[in-house]
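>>> give me a 3D structure for the following:
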Amino acid sequence: MAQAKKAKPKRAPRGVIGGLTSDWYWEQDAELRFTRVQVQGGERVEQALAERIIGKRRWETGIEIEGGWDAHRALLDARQPFHDTQTWRELPDGGLRYMTISGEPIFDAGGAFAGYRGIGREATVQKRAEVLLRLEHRVAGLLAAAEFASSGLISVVRTVCEVENWACGRYFQLDEAAQLLRFQDAWSIADPGIRQFIERSRTLTYPPGEGLVGKVLLSGEPLWTADGRVDPRVRERSLAEGTGIRGTFCLPAMSEGRTIGVLSFSSQKLREPDQRLLEASRVIGSQVGQFVQRKRAEESLRESEGRFRALTQMSSDFFWETDEVHRFTQLVHGPNYPDIYMARGAVLGKTSWELPAVSPDDAGWAELRTTVDGRLPVRDFEFARRVPDGTVRYYSVSGEPRYAPDGRFIGYRGVGRDITEIALARERISSLAYSDPLTGLANRTSLGPSLEQAVQRARRRNSKLALVFLDLDGFKQINDVHGHDAGDALLIEVAARLRKHLRASDLIARLGGDEFLVVLEDIHDLAPVETVSKKLLTEIGQPLRLAGAELQVTASIGISVLPDDAVDASALMKHADTAMYAAKQAGKNTLRFYSAGPAANDPKGQISAVDPG
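Below you'll find the predicted structure:
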């Protein structure tokens with residue numbers, strides 16, 4: 001009897017497994033060595049890589065895998081399928097290339113294990129976007145938590161270096177009086193050559209326009225050189241001699257539309273420009289600039305408060321006394337304090353909480369009453385009142401209980417200080433921290449907590465919440481042609497149009513650059529969201545005349561909805577961003593609703609299209 005031929009394992013169609021399209025199709029034998037690798041499209045570099053791994057096991061190719069190889073090999077030994085497992089390999093310039101792989105075991109007709117087959121899909125672009133978005137959020141968190149400017153700057157420089165594989169980072173601060181950039185802070189890996197590079201940098205100064213750093217100061221735009229040893233824009237190439245420094249990337253630290261410092265990152269590898277990092281650098285530079293400006297204001301305030309405390313230890317603005325039921329019986333101001341601020345006639349005979357006040361609230365006054373009813377000392381109690389000239393003044397009072405010789409409580413005696421300048425400085429610092437200085441809208445720092453609160457309200461009310469991510473089309477061209485002043489004026493006008501056509505309760509934020517975000521609450525269906533978004537597209541597209549020129553931009557809008565598209569704020573932001581990029585790819589001046597699915601990132605796929613009409 002003729003021996004039956006051994007059945008060959010079935011093969012999936014080229015580039016397809018489990019109904020999913022792919023960039024790579026691969027097969028392995030029973031010893032998990034590659035026997036077949038096909039690259040869709042036949043790109044020469046990728047095809048050469050495919051040929052090099054034939055005969056090797058995956059962990060022998062220099063690739064890393066999520067969860068580690070031990071866990072993955074245990075899964076293969078159990079002959080289990082795997083889906084969308086992330087792998088990556090390092091590129092010559094230090095960057096990473098990501099791929100997701102899926103595979104399934106193959107068995108012959110007799111049931112014997114014959115190997116694996118599967119697909120791989122390119123994931124670098126998506127992963128890169130996720131990494132940079134997390135980097136932006138991490139930078140914001142580090143700056144919000146930093147107590148001092150120096151520690152905040154070093155933590156940010158170190159984080160950017162570690163996430164983006166830069167060997168070192170330096171920060172140059174603008175000396176306003178001399179109009180020079182001076183070295184201020186740095187972080188580097190533990191490499192002798194890099195440490196030498198940092199030490200040589202400590203005495204450097206850059207005038208506007210000189211060297212990469214000076215050019216960034218002058219233009220307000222990031223600059224990148226793949227190899228500083230041969231780039232004529234690099235002023236002091238001798239600085240890097242013997243250190244191995246090659247690629248360099250500089251970005252401006254911006255505050256209120258001005259460059260107040262420059263961050264410079266360097267590598268010992270050739271680094272070709274990374275467009276995604278260039279885009280993210282604008283957000284990071286704005287975060288750093290606002291942080292530095294805020295810390296400057298805080299340090300100035302601390303110095304002012306220190307001087308103020310020293311003076312008030314010797315004198316006070318006014319002296320006061322109350323009776324046993326806390327009514328004012330005495331109010332005497334010092335010789336240098338204006339009488340107009342006192343309004344003694346309106347104060348005497350009344351308690352503090354009976355007088356009109358701007359602050360604190362009822363709970364604050366109740367806390368004061370509890371203190372004085374308990375005969376306890378009053379320390380630095382702050383309040384604000386409107387004085388006769390119509391302005392609001394802020395005060396801080398301290399006092400002690402008074403007792404008669406027989407031990408009876410007879411009231412309080414104390415001093416007060418006018419702290420209006422300090423209180424207003426606090427408000428200015430708070431504004432720098434939580435609002436965009438150009439448009440007055442909420443910024444990234446305040447958006448996170450506000451969005452989380454909106455999500456919680458939507459859950460309690462069992463309603464929907466829509467996140468509208470808006471990015472201007474053609475804004476860079478306006479900056480290039482008409483200058484940054486015109487660009488700033490356009491951003492201010494866009495913010496005004498958003499305020500005009502949205503409810504007062506709707507949260508509006510500027511994320512940085514030309515990106516805006518709107519949170520629409522109490523939504524029960526998508527029709528109003530579409531209507532509002534179309535109206536915004538129409539309004540933003542209206543021309544604006546400025547300095548004799550007619551400026552016009554359009555916008556691309558991406559929308560994600562809670563709970564339809566996500567259950568938390570982070571995923572909601574990510575999906576709105578994805579939908580916005582789909583609107584860009586679809587031709588701009590349009591909007592897209594996010595929809596989950598295998599082709600969610602494809603504007604021709606699962607993201608629903610809406611014509612702005």
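>>> where does this protein have its least confident helix or strand?
The helix or strand of the chain with the poorest confidence is strand 16-17; it has a mean of 42 (mean pLDDT, DSSP states H and E).
>>> strands paired with the helix or strand in which Phe183 is found, and their directions?
Phe183 is part of strand 180-188, with elements assigned from DSSP states H and E. Each strand paired with strand 180-188, and its direction, by DSSP bridges: strand 168-175 (antiparallel), strand 205-206 (antiparallel).
>>> those: which one's closest to Leu498?
Comparison of the strands paired with strand 180-188 against Leu498 by CB to CB identifies strand 168-175 as nearest, at 31.8 Å. Just so you know, the C-beta spots here come from the backbone N, C-alpha and C atoms, and that holds for glycine as well.
>>> what mean pLDDT does the closest one have?
The pLDDT scores in strand 168-175 average 94.
>>> same question for stretch 109-120.
According to the model, stretch 109-120 has a mean pLDDT of 93.
>>> quick one: secondary structure of Ile492?
Three-state call for Ile492 (DSSP: H, G, I helix; E, B strand; the rest coil): helix.
>>> touching, it and Pro437? I think so.
No. Counting by CB atoms under 8 Å, Ile492 does not reach Pro437; the two are 11.0 Å apart.
>>> more neighbours, these two?
Neighbour totals were compared for Ile492 and Pro437, and Pro437 leads with 17 against 14 (other CB atoms under 10 Å).
>>> not counting sequence-adjacent ones, nearest residue to that one?
Nearest residue to Pro437, sequence neighbours excluded (CB to CB, 6 or more residues apart in numbering): Glu256, at 4.5 Å.
>>> residues contacting the one you found?
Applying CB atoms under 8 Å, 6 or more residues apart in numbering to Glu256 gives the contacts Gln293, Pro437, Leu438.
>>> need the phi and psi values for it.
phi 50, psi 40 (degrees, to the nearest 10).
>>> can you report how many residues neighbour Asp568?
Neighbours of Asp568 (other CB under 10 Å): 13.
>>> equivalent analysis for Leu507, please.
20.
>>> pLDDT wise, what is the residue nearest to it when sequence neighbours are not counted at?
In space, and not counting its chain neighbours, Leu507 is closest to Val519: 4.0 Å by CB to CB, 6+ apart. Note for Val519: predicted pLDDT of 94.
>>> just to be sure, Val519 is in a strand?
Yes. Counting by three-state DSSP, Val519 is found in a strand.
>>> that one touches Asp506, doesn't it?
Yes. Val519 lies in contact with Asp506 (CB under 8 Å); the separation is 6.4 Å.
>>> neighbour count: these two, which is higher?
Applying other CB under 10 Å to Val519 and Asp506 shows that Val519 carries more neighbours, namely 25 against 18.
>>> OK, contacts around that one?
Ser450, Leu451, Ala454, Leu465, Ala466, Leu467, Val468, Asp506, Leu507, Ile508, Ala509.
>>> make a ChimeraX selection of whichever of those residues turn out to be buried.
Here is the ChimeraX command that picks out the buried ones among the contacts of Val519, judged by 16 or more other CB atoms under 10 Å:
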select :451,454,465,466,467,468,506,507,508,509
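>>> just name the closest of the contacts of Val519 to Thr248, please.
Of those, the one sitting nearest to Thr248 (CB to CB) turns out to be Ala509, at 32.6 Å.
>>> let me know the helix or strand that that closest one is in.
strand 507-512.
>>> any idea of the mean pLDDT in that strand?
Across strand 507-512, pLDDT averages out at 90.
>>> hey, which helix is longest across the protein?
Counting by DSSP state H, the longest helix found in the chain is helix 275-312.
>>> what is the next helix or strand after it packed up against?
Going down the chain from helix 275-312, the next helix or strand is strand 318-322, by DSSP H and E. Applying 3 or more CB pairs under 8 Å, 6 or more residues apart in numbering; DSSP states H and E, one finds that strand 318-322 contacts strand 328-333, strand 392-403, strand 409-418.
>>> need the pLDDT of the residue nearest to Pro437.
The model's pLDDT for Glu256 equals 86.
>>> next one: His482
86.
>>> measure how buried it is and give me the count.
16.
>>> with Asp323 instead?
16.
>>> gap between it and Lys350?
Counting by CB to CB, to the nearest Å, the gap from Asp323 to Lys350 is 11 Å.
>>> repeat for Leu331
11 Å.
>>> the more surrounded of the two?
Legend: neighbour count by other CB under 10 Å for Leu331 and Lys350, higher for Leu331 (17 against 13).
>>> I'd say that one and Gly349 touch.
No. When contacts are counted by CB under 8 Å, Leu331 is not listed as touching Gly349 (10.6 Å).
>>> and Phe265, which helix or strand is it part of?
Phe265 belongs to strand 258-266, assigned by DSSP H and E.
>>> got it, and Pro105?
Element membership of Pro105, judged by DSSP H and E, is strand 96-107.
>>> buried ones in that strand?
In strand 96-107, the ones that count as buried by 16+ other CB under 10 Å are Tyr98, Met99, Thr100, Ile101, Ser102, Gly103, Glu104, Pro105, Ile106.
>>> closest to Val372 among those?
Nearest member of the buried residues of strand 96-107 to Val372, counting by CB to CB, is Tyr98, at 65.0 Å.
>>> what's the per-residue pLDDT of Lys295 here?
So Lys295 comes in at 86 (pLDDT).
>>> who touches it in this structure?
Ala146, Phe148, Ala149, Gly152.
>>> how about the third one, nearest residue that isn't a chain neighbour?
Counting by CB to CB, 6+ apart, Lys295 is the residue found nearest to Ala149 once chain neighbours are left out, at 3.9 Å.
>>> tell me the pLDDT at Arg235?
With respect to pLDDT, Arg235 has a value of 78.
>>> separation between it and Glu27?
As judged by CB to CB, Arg235 and Glu27 stand 55 Å apart.
>>> now swap in Tyr412 and tell me
Tyr412 is 88 Å from Glu27, by CB to CB.
>>> neighbour count winner among the two?
Looking at Tyr412 and Glu27 with other CB under 10 Å, you find the greater number of neighbours at Tyr412, namely 23 against 20.
>>> report the beta-bridge partners for the more buried one.
Going by DSSP bridges, Tyr412 forms beta bridges with Pro401.
>>> list the contacts for it?
By CB under 8 Å, 6+ apart, the neighbours of Tyr412 are Trp320, Glu321, Thr322, His326, Val372, Val378, Gly399, Glu400, Pro401, Arg402.
>>> quick revisit: next, format the contacts of Val519 as CSV and append distance to Ala582.
Listed next are those as CSV, based on distance: CB to CB, whole Å:
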residue, distance to Ala582
Ser450, 26
Leu451, 21
Ala454, 24
Leu465, 20
Ala466, 16
Leu467, 15
Val468, 14
Asp506, 23
Leu507, 23
Ile508, 22
Ala509, 21
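>>> specify which member of the contacts of Val519 is nearest to Arg417.
Nearest member of the contacts of Val519 to Arg417, counting by CB to CB, is Ser450, at 34.1 Å.
>>> so what's the closest one scoring on pLDDT?
So, for Ser450, pLDDT stands at 86.
>>> same question, Ser315
pLDDT, Ser315: 48.
>>> how about Gly407?
85.
>>> pretty sure it is in a helix, no?
No. Gly407 sits outside any helix when classified using three-state DSSP, being coil.
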